[in-house]
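Peer 1: Kindly generate the corresponding structure for this input.
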Amino acid sequence: MVDISGRLPLLTPGMMTPEQHELYGAIVGGPRAAGPQHFALTNPDGSLTGPFNALLLVPPLGRAVQALGAAVRYETSLTDRERELAILVVAARWDSEFERMAHEAVGRAAGLDDDELSAVRNGGIPSLEDPREDACTRLAHAMARGDVDDALWADVAPTVSHETVFELATLVGYYALLALQLRVFRI
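Peer 2: Purely as a prediction, here's the structure:
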């Protein structure tokens, strides 16, 4: 019997092709698995949780998505709080239950408090004392809705670099991709 997660079978390591198993190893042995675990990457049977099981469907594409995800989580100039605020903005915009559950736990570990989490969960922008956190969160909020208008651009330009805006746009796009996949596959 095969377990089902939403619309997909949950692939256990014994069910995987060699190419799927290689990608599985990159996910469970990569940076997501290092350090403290704020949400489980695998189920007790070894199958992957959240969006990761779907990545195994088409390993070449899954590898690219997995590599982009690792880069936006671990290789940007964004602080942990900035990153988690932006991810949670996307989770709220897409009403993505898995992203919200996983990244509220990570956000708490990064120092986000209940008021900040609640504001983002409800589609708002929390009151943030740090000017860069505030700028990043407002940018992510606008990006998740499709654009950054000239007024916001002018307001945040003194605070964040072009590189930071690129990192944020990539992060927002990546988490919107995951939110769509999570929704389509009913995960």
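Peer 1: Report pLDDT for residue 73.
Peer 2: As summarised for this prediction, residue 73 has a pLDDT of 89.
Peer 1: ditto for the one 5 residues further on
Peer 2: The predicted local distance difference test score for residue 78 is 98.
Peer 1: That one: helix or strand, and which one exactly?
Peer 2: Counting by DSSP states H and E, no helix or strand carries residue 78.
Peer 1: again, but for residue 107
Peer 2: If you go by DSSP H and E, residue 107 is part of helix 97-109.
Peer 1: List the neighbours of that helix that are in contact with it.
Peer 2: 36, 38-39, 49-51, 80-81, 84-85, 87-88, 90-92, 112, 116-117, 121, 175, 178-179, 182, 187 (Cβ atoms under 8 Å, 6 or more residues apart in numbering). Heads up, the C-betas are built off the backbone N, CA and C, glycines and all.
Peer 1: Filter these down to the buried ones and hand me the ChimeraX line.
Peer 2: This is how ChimeraX selects the buried members of these, with burial counted by 16 or more other Cβ atoms under 10 Å:
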select :38,49,50,51,81,84,85,87,88,90,91,92,112,116,117,175,178,179,182,187
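Peer 1: so residue 128 touches residue 137, yeah?
Peer 2: Yes: between residue 128 and residue 137 a contact is recorded at 6.3 Å, counting by Cβ atoms under 8 Å.
Peer 1: hey, what's in contact with both of these two?
Peer 2: residue 85.
Peer 1: The two: which has the busier surroundings?
Peer 2: Per other Cβ atoms under 10 Å, whichever of residue 128 and residue 137 has more neighbours is residue 137, with 25 against 19.
Peer 1: how near is that one to residue 119?
Peer 2: 9 Å (Cβ to Cβ, to the nearest Å).
Peer 1: any common contacting residues for these two?
Peer 2: Joint contacts of residue 137 and residue 119 (Cβ under 8 Å, 6+ apart) are 125-126.
Peer 1: which strands and helices sit next to the helix or strand harbouring residue 85?
Peer 2: Using DSSP H and E, residue 85 maps to helix 80-94. Packed against helix 80-94 by the contact rule (3 or more Cβ pairs under 8 Å, 6 or more residues apart in numbering; DSSP states H and E) you find helix 97-109, helix 114-121, helix 131-144, helix 162-184.
Peer 1: mind checking which of those is nearest residue 19?
Peer 2: For the helices and strands packed on helix 80-94, the distance to residue 19 is smallest for helix 162-184, at 19.1 Å, taking Cβ to Cβ.
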